[in-house]
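> Test case, fold it:
(one chain, ligands or ions: 1)
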Amino acid sequence: MEWLDPLILSRWQFGLTTIYHYLFVPLTIGMALAAAILQTAWVRTGKIEYLHLTRFSGRSSSSTSRWALSPASCRSSSSG
Ligand code: HEM
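Residues are numbered from 1 along each chain as shown. Model prediction:
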């Protein structure tokens, strides 16, 4: 049961957290920026395509946030 060593587990936790942050942080920031740019384009031009793209990028970025705020991801904050 060497792999149950707290040091090894902590390293795995840090490694996995780092890996998904590398993916989800740029994705979340990028989708929010895309939604803002597309919505501005919709307001300025009135083209319906921009509204559809705004909704699509808003939905995708809220999916990543929902995942981040899911109960499973709150475990370490609640256990202290
Ligand atoms: C600039 C943006 C962000 C920073 C600086 C940041 C920083 C951190 C740090 C320091 C932790 C460790 C907390 C701890 O162990 O006490 C953490 C945990 C976590 N982060 Fe982020 N994060 C960012 C964005 C995100 C995003 C965009 C997501 C997902 C969409 C995300 C999902 C998570 C999850 C699921 C955990 C593990 C749960 C927890 O430890 O409470 N984070 N983050």
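
> Could you use CA atoms for every contact and neighbour count after this?
Fine.

> Neighbours of the residue nearest to Tyr50 when sequence neighbours are not counted, how many?
Excluding its sequence neighbours, the residue lying closest to Tyr50 (Cα to Cα, 6 or more residues apart in numbering) is Trp42, at 4.9 Å. The tally of other residues near Trp42 (other Cα atoms under 10 Å) stands at 18.

> residues contacting Trp42?
Ile48, Glu49, Tyr50, Leu51 (Cα atoms under 8 Å, 6 or more residues apart in numbering).

> among the residues you listed, which are in reach of the ligand?
By Cα under 6 Å from any ligand atom, no member of the contacts of Trp42 lies near the ligand.

> Now Lys47, what are its backbone angles?
phi -80, psi 130 (degrees, to the nearest 10).

> tally of neighbours for it?
Around Lys47 there are 11 residues (other Cα under 10 Å).

> check contacts around Arg55.
Neighbours of Arg55 in contact, by Cα under 8 Å, 6+ apart: Ala35.

> starting at the chain centroid, how far to stretch 51-66?
The chain centre lies 11 Å from the centre of stretch 51-66; the measure is Cα atoms, centre = their mean, to the nearest Å.

> the strands in this protein, which residues?
In the chain, no segments count as strands under DSSP state E.

> Helix or strand with the lowest mean pLDDT in the chain?
helix 75-78 (a mean of 44; mean pLDDT, DSSP states H and E).

> before we move on, the earlier item: neighbour-wise, which of the contacts of Trp42 leads?
Tyr50 (20 neighbours).

> any idea of the pLDDT on that residue?
We note a pLDDT of 97 for Tyr50 in this prediction.

> cool, Thr28 as well?
92.

> is it true that it touches Ser61?
Yes: counting by Cα atoms under 8 Å, Thr28 touches Ser61, with 5.6 Å between them.
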